[in-house]
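Chemist: From the sequence below, what's the structure:
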Amino acid sequence: MSEWRTFEKRTGDVVRCWRIRREGIRCHMGWGVAGGVMRGMSMTLDDEVHAERHFNRKIREKRRQGYVEVTGDTSTGPSEDPDPGYARDAKLLDVMREEAEKRRPGSWEEAWAGHEPVPGHEGAYVKHFPFPGGPGPFRKYLVLVDDGCKGLQFNVKDPGYDADAVSAFLDFVTPRWHLLFDGTSHHKVRLDVPVGPFSHVLFCAPSLCRGSDYGGRVGRVFPIHDCEIGDADNETFVEARTQGRSSETIATSTWDREPFPVTDLRYDLQSTVGTFESLRRSALRQKKFKTGLRETVERILPLLIESTPESFVEVRSFRGDVMAVTRRDLTPDTLPAIDRFVRGLS
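Modeler: Model (predicted):
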């Protein structure tokens, strides 16, 4: 983890502070009035080269705005900055308790109330949240590992809950907890025996647990269909598939879901009639593969009909295979063929 670089700008009697640090593919920034509580945000970039370029660009931008680099701590830090003060052998529940009490005295008892040991699984606890609306009722699991210093977590919504499936899942993931803390962002692992409809498990390191990793002590695990995470996905793609906008992410706590297959898209569409009527645009481009949706494929495929012969839409599956479609390739079976392709059925 890099050190914070801090910059200040004085306007009259007010000293504004801005700071930044880079952690792998993420840039963390904070801003506010020097000496006060700062607001913070994080941005995930495509790779470390891109992150370093973004890091340097933001610094140049602030210098142009009149900010000057300073040394020393001038603020209480962004709210998203993890507290580095805990000992390495601090127990996770103690860290969770202290974090809760910082927010509001007495909140830990409220937060932990209702957690019960999971029969047959040492160190595993579950709390049932009977929400009638919103996310609906679900169970939240926490498993203490590494002598209670670390943990893994996952949620299961009630409609797909099955006690035997959860027990089998715990039997598989608990002995493999070290995969969450080996310095790799994630691991896609095939189950020895399918759990419900799922064939694999995704182990997500604390870096992929924004806001609930307790200083790198907690990772996430959940079952997945093979086609839902790319075999060669980097951290950026996994984060987009699991933590992006809700309509574009895997419903990780829904254990009776249909597959949500990888549908990465790249395209270059040029209109032959001056503009695509539905978009009022003459061109539609996405130069790099980005995470996509079936709805997007369904929306842009018809544009090929009024596109130049050189126009194309490319779909990349979880295996890294690419299916290219041009105007000449369009048939009534094109969309069903893409559906089979991204699910690994063709």
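Chemist: got a pLDDT number for residue 213?
Modeler: Model confidence at residue 213, expressed as pLDDT, equals 80.
Chemist: Touching, it and residue 180? I think so.
Modeler: No - using Cβ atoms under 8 Å as the test, residue 213 is too far from residue 180 to be in contact (10.0 Å). To be clear about C-beta, it is placed using only N, CA and C from the backbone, and glycine gets the same treatment.
Chemist: what is in contact with the two at once?
Modeler: In terms of Cβ atoms under 8 Å, 6 or more residues apart in numbering, residue 213 and residue 180 are both contacted by the residues 206, 219.
Chemist: In terms of packing, which of these two has more residues around it?
Modeler: residue 180 (28 against 20; other Cβ atoms under 10 Å).
Chemist: Need the phi and psi values for residue 125.
Modeler: phi -130, psi 150 (degrees, to the nearest 10).
Chemist: From residue 320, how far off is residue 229?
Modeler: For residue 229, the distance to residue 320 under the criterion Cβ to Cβ, to the nearest Å works out to 12 Å.
Chemist: more neighbours, these two?
Modeler: Of the pair residue 229 and residue 320, residue 229 is the one with more neighbours under other Cβ under 10 Å, namely 22 against 13.
Chemist: ranges for the helices of the stretch 151-300 of the chain?
Modeler: 163-173, 235-243, 294-300 (DSSP state H, counting those that start in this stretch).
Chemist: Kindly reformat those as CSV containing distance to residue 338.
Modeler: As requested, the helices of the stretch 151-300 of the chain are exported to CSV (distance: least, Cβ to Cβ, whole Å):
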stretch, distance to residue 338
helix 163-173, 31
helix 235-243, 18
helix 294-300, 6
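Chemist: Residue ranges in the stretch 151-300 of the chain under the pLDDT threshold?
Modeler: 210-211 (pLDDT under 70).
Chemist: Can you dump the C-alpha atoms of the helix or strand hosting residue 93 in CSV for me?
Modeler: With secondary structure defined by DSSP states H and E, residue 93 is part of helix 92-103. Once non-C-alpha atoms are left out, helix 92-103 reads as follows in CSV (Å, rounded to 0.1, in the frame of the first residue of the first chain):
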residue,chain,number,x,y,z
LEU,A,92,-11.7,-10.2,14.0
LEU,A,93,-14.7,-9.9,16.4
ASP,A,94,-12.7,-7.4,18.5
VAL,A,95,-11.9,-5.3,15.4
MET,A,96,-15.6,-5.4,14.3
ARG,A,97,-16.7,-4.4,17.8
GLU,A,98,-14.3,-1.5,17.9
GLU,A,99,-15.3,-0.3,14.5
ALA,A,100,-19.0,-0.5,15.4
GLU,A,101,-18.4,1.4,18.7
LYS,A,102,-16.6,4.2,16.8
ARG,A,103,-19.8,4.8,14.8
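Chemist: sorry, back to before: so of the helices of the stretch 151-300 of the chain, which one's packed in deepest?
Modeler: Per residue and on average, the most neighbours among the helices of the stretch 151-300 of the chain fall to helix 235-243, with a mean of 20 (mean count of other Cβ atoms under 10 Å).
Chemist: Packing partners of that helix?
Modeler: With contacts taken as 3 or more Cβ pairs under 8 Å, 6 or more residues apart in numbering; DSSP states H and E, helix 235-243 sits against strand 39-44, strand 198-204.
Chemist: what residues does it touch?
Modeler: Applying Cβ under 8 Å, 6+ apart, the contact partners of helix 235-243 are 24-25, 44-47, 185-186, 202, 204, 207-208, 210, 228-230, 233, 248-250, 252, 262, 264, 290-291.
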